[in-house]
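Novice: Fold the following, please.
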Amino acid sequence: MFDAPFLDQLTSDLEGLLPLWGLAPRTEVALHTVSENATFFASDPEVGRRIVLRVHRPGYHRRDEIRSELAWITALIAEGVVDTPRPVPMRDGSLVAAVGMGSSLRDVVAFEFMTGREPTPEKALVPWFEQLGAITARLHGHARRWSRPEGFSRKIWDFDAMLGSRRLWGDWRCAIGLQPDERDLLERTALALQGSLDAYGKGEKFGLVHADLRLANLLAEPERLGVIDFDDCGFSWFLYDFAAAISFIETDSIVPDLEAAWLEGYRRVAPLSPEDEAMLPVFVMLRRILLTAWLASHPETPTAREIGATYTAGTADLAEAFLTRTS
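Specialist: Residues are numbered from 1 along each chain as shown. Sure, this is the predicted structure:
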């Protein structure tokens, strides 16, 4: 869906939309990343202005869901809950544009450019996770008290949507390189996860979350940790946000230290019960299998091409260890 010829055409088509945001014709449009969506930097040399354009993958979010995401971001910024880029309206005041690609339209949203770099495990990641824990607690606090606008709509990230019958990110059984014995192992793990989540329940433990606070969606500077990309925000267990934070580094030796730091930061803002903390391994395993499914359903992405089969094998190893600990 996002192969090179398509991205070249998309870049050209986006250049035609630049006047909607008041950008000069000489503005340079350059691809930044391809994941669920494609994001581009648009840099206007005449005024030194830079914005980020996010082109949505069709069939994932409805337009009312996109507007709901932007409504939450706007509320978070207004109340000073988190440092995150502000949505940039077009000259007519609207926030969602559309770019035509053949017979289809793709929604486009613009954001302010935010400086900073993705934190990495090699560069003092533990202190950043203490900050991230506090940020996450503030996000959860806001979600609990915020009066959502009429028509607010975001996806529900429960077990059914992740690994059950609704499977928003695809079927993990199609995982890249999955072996028959690994399939059986993951079947048993999924059943165990479902049982744990049913016993844990929802209620006040379940609400609006970012759902993708991984390293790639953090922008660190010496005195600030910014958060970007609320595209997956929706309704899930609050502590699922920790599992998302360690996406793709779940087996790294630093993870126990990251968890301790995250919990310390979170508790500075809001309490956590022992029952909540005991569920963290469940959410980590749930997220890992979900990401394994995502890689299988997005084989054209750089991440899937680079780590697909290796990640599947690692998921099976993690599942075996999980079942051993919980049996």
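Novice: which strands and helices sit next to the biggest strand by length in the chain?
Specialist: Longest strand of the chain, by residue count under DSSP state E: strand 104-112. Judged by 3 or more C-beta pairs under 8 Å, 6 or more residues apart in numbering; DSSP states H and E, strand 104-112 is in contact with strand 49-55, helix 63-78, strand 96-101. To be clear about C-beta, it is placed using only N, CA and C from the backbone, and glycine gets the same treatment.
Novice: Of all the ones you listed, which one is nearest residue 30?
Specialist: Closest approach to residue 30 among these (C-beta to C-beta): strand 49-55, 10.2 Å.
Novice: So which bits of stretch 214-227 are buried?
Specialist: 214, 215, 216, 217, 218, 219, 220, 225, 226, 227 (16 or more other C-beta atoms under 10 Å).
Novice: Helices - which of the residues you listed land there?
Specialist: Among the buried residues of stretch 214-227, no residue falls in helices (DSSP state H).
Novice: nearest to residue 130, of those residues?
Specialist: For those, the nearest to residue 130 is residue 225 (9.7 Å; C-beta to C-beta).
Novice: Hmm, residue 169 is touching residue 297, no?
Specialist: Yes: between residue 169 and residue 297 a contact is recorded at 6.0 Å, counting by C-beta atoms under 8 Å.
Novice: between these two, who's got more neighbours?
Specialist: Applying other C-beta atoms under 10 Å to residue 169 and residue 297 shows that residue 169 carries more neighbours, namely 21 against 16.
Novice: Would you double-check that residue 260 falls in a strand?
Specialist: No: using DSSP: H, G, I helix; E, B strand; the rest coil, the assignment for residue 260 is helix, not a strand.
Novice: Pretty sure residue 52 sits against residue 41.
Specialist: Yes: counting by C-beta under 8 Å, residue 52 touches residue 41, with 6.2 Å between them.
Novice: Spit out the residues that contact those two alike.
Specialist: Residues touching both residue 52 and residue 41 by C-beta atoms under 8 Å, 6 or more residues apart in numbering: 32, 113.
Novice: which of these two has more neighbours?
Specialist: Shown here are residue 52 and residue 41; by other C-beta under 10 Å, residue 52 has more neighbours (20 against 15).
Novice: Which residue, other than its chain neighbours, is closest to the more buried one?
Specialist: Among residues not flanking residue 52 along the chain, residue 111 sits closest, at 4.6 Å (C-beta to C-beta, 6 or more residues apart in numbering).
Novice: Ok, residue 224 next?
Specialist: residue 83 (5.8 Å).
Novice: Secondary structure class of that neighbour, three-state.
Specialist: Applying three-state DSSP to residue 83 yields a three-state assignment of coil.
Novice: follow-up on the earlier one: would you format the buried residues of stretch 214-227 as a markdown table with distance to residue 244 included?
Specialist: As requested, the buried residues of stretch 214-227 are exported to a markdown table (distance: C-beta to C-beta, whole Å):
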| residue | distance to residue 244 |
| --- | --- |
| 214 | 6 |
| 215 | 10 |
| 216 | 11 |
| 217 | 9 |
| 218 | 11 |
| 219 | 16 |
| 220 | 17 |
| 225 | 15 |
| 226 | 16 |
| 227 | 12 |
